[in-house]
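Here's my sequence, what's the structure:
(one chain, ligands or ions: 2)
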Amino acid sequence: MAGFFAQLKQGLAKTRQNFVQKVEELLTGHRKIDEELYEELEEALIRSDAGVNTAMALVGRLRKEVKARKLSEAEELRGVLQELMVELLGEEKPTNLAAEGPTIILVVGVNGVGKTTTIGKLANYYRQEGKKVILAAGDTFRAAAIDQLEVWGQRAQTEVIKQREGADPAAVAFDAIQAARSRQADMVIMDTAGRLHNKVNLMEELRKVKRVIEREIPGAPHEVLLVLDATTGQNALQQAKLFQEVAGVTGIVLTKLDGTAKGGVVLGIQGEVKLSVKWIGVGEGMDDLRPFVPRDFAEALFERSEEVET
Ligand SMILES: Nc1nc2c(ncn2[C@@H]2O[C@H](COP(=O)(O)OP(=O)(O)O)[C@@H](O)[C@H]2O)c(=O)[nH]1
Ligand SMILES: [Mg+2]
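Ligands and ions are numbered 1, 2, ... in the order given. Here you go, the predicted structure:
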């Protein structure tokens, strides 16, 4: 647990420097709670990419709590702010697994956000939990994408179902499901292409893949995970809105949190798009993917794990 927490804190180092240090500055030094303080807090939230609406809502809730609890010292706000973040982020939303038969997870998102890497990390995670995983190379647009998934398959000791470059991703989905059946696998995780220049094609392709999956296994896919790159900030929010419309996204994987000072985007996604972050990526290694636990995230952000009240 300690190792995991240290890793999370390390992954959030840049965000902590940017946002938390600013908040610490605002809240220390016997400052009184006043209008200016609220405005500066709101600004710090917006600068960490929490989104304007979310920042305003959060500070609005803070005002109410200050009144209700009759607080006057800025220092008293730290704990309240952390609690409100946890409240905004809601309960942990675990990945939905099939009650019986293989769980099918479809992974979508634009090029470069970290889909293939995330799939390799997921394969490793679930294999370590004792599950038999099959990967499906559904990004058939480039041969390199298929090769890349195979490399991850080897690393995570997981079989990869593939066809040639240019093949129909729906056919790859079909093959992978048959393979899962015959090998009694617990899970199929499927990669997809992320080219966005043609929204209609992308939409059609994803719909077809989903149709094939649904036909083969009623109730599947059990998750459609949208991968978003945290370093792209507000752009990530726009992608979330688009894919929600096009692909019926059920959860978010937020990658590259280690590479950004704007980890507040986690709050923005929850607040503005109403989609739950289910996994976070905090590095390029196989173990650098974690289930997203709101309370841990808020704690790691504020770094004062030992002082948190539950
Ligand atoms: N620092 C960091 N890099 C990541 C993370 N996830 C993915 N990447 C890198 O992002 C780049 C693109 O990843 P890839 O999986 O090929 O993206 P795809 O095009 O969506 O499949 C690669 O260089 C990955 O190593 C992460 O959580 N942190
Ligand atoms: Mg890829």
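
For the residue of the stretch 101-250 of the chain found nearest ligand 2, give me phi and psi.
Proximity of the stretch 101-250 of the chain to ligand 2 (CB to the ion) peaks at residue 116, 3.3 Å away. Quick note: C-beta positions are derived from backbone N, CA and C, even for glycine. Phi and psi for residue 116, reported as degrees, to the nearest 10, are phi -60, psi -40.

Name the residues that touch stretch 14-22?
By CB atoms under 8 Å, 6 or more residues apart in numbering, the residues outside stretch 14-22 that reach it are 9, 44-45, 47-48, 257-264, 301-303.

I meant stretch 162-174, not that one.
136-143, 146, 149-150, 161, 175, 190, 192-193, 205, 208-209, 211-213, 216.

Buried subset of the residues you listed, written for PyMOL?
Here is the PyMOL command that picks out the buried ones among the contacts of stretch 162-174, judged by 16 or more other CB atoms under 10 Å:
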select buried, resi 136+137+138+139+140+141+146+149+161+175+190+192+193+205+209+212+213+216
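
Residue 61: what's it in contact with?
84, 87-88.

The residue nearest to the spatial centre of the chain in helix, strand or coil?
For the chain, residue 253 is the residue whose C-alpha lies nearest the centre (CA atoms, centre = their mean; 2.4 Å). Of the three states, residue 253 takes strand under DSSP: H, G, I helix; E, B strand; the rest coil.

do the same with residue 225
Quick answer, by three-state DSSP: residue 225 is strand.

What count of nearby residues applies to it?
24 (other CB atoms under 10 Å).

beta partners of it?
residue 107, residue 251 (DSSP bridges).

distance of it from ligand 1?
For residue 225, the distance to ligand 1 equals 12 Å [CB to the nearest ligand atom, to the nearest Å].

the helices in the stretch 151-300 of the chain, which residues?
In the stretch 151-300 of the chain, the helices defined using DSSP state H, counting those that start in this stretch lie at 169-183, 199-216, 234-247, 265-268, 294-302.

Out of the ones you listed, flag the one nearest ligand 1.
Closest approach to ligand 1 among the helices of the stretch 151-300 of the chain (CB to the nearest ligand atom): helix 234-247, 11.3 Å.

avg pLDDT for the closest one?
On average, the pLDDT along helix 234-247 is 87.

helices and strands around that helix, which ones?
If contacts are counted by 3 or more CB pairs under 8 Å, 6 or more residues apart in numbering; DSSP states H and E, helix 234-247 sits against strand 103-108, helix 199-216, strand 223-229, helix 265-268.

Tell me which of these is the most buried.
The highest average neighbour count among these, using mean count of other CB atoms under 10 Å, belongs to helix 265-268 at a mean of 28.

Which residues of this protein lie near ligand 1?
109, 111-117, 194, 227, 255-256, 258-259, 281-284, 288 (CB under 6 Å from any ligand atom).

again, only using 5 Å
111-117, 255-256, 258-259, 281, 283-284 (CB under 5 Å from any ligand atom).

Next, format these as JSON lines and append pLDDT and neighbour count.
Formatted as JSON lines, those follow (pLDDT from 0 to 100; neighbours: other CB atoms under 10 Å):
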{"residue": "111", "pLDDT": "92", "neighbour count": "14"}
{"residue": "112", "pLDDT": "94", "neighbour count": "12"}
{"residue": "113", "pLDDT": "96", "neighbour count": "25"}
{"residue": "114", "pLDDT": "97", "neighbour count": "22"}
{"residue": "115", "pLDDT": "97", "neighbour count": "27"}
{"residue": "116", "pLDDT": "97", "neighbour count": "24"}
{"residue": "117", "pLDDT": "98", "neighbour count": "22"}
{"residue": "255", "pLDDT": "97", "neighbour count": "30"}
{"residue": "256", "pLDDT": "96", "neighbour count": "22"}
{"residue": "258", "pLDDT": "92", "neighbour count": "21"}
{"residue": "259", "pLDDT": "90", "neighbour count": "16"}
{"residue": "281", "pLDDT": "96", "neighbour count": "26"}
{"residue": "283", "pLDDT": "94", "neighbour count": "18"}
{"residue": "284", "pLDDT": "95", "neighbour count": "13"}
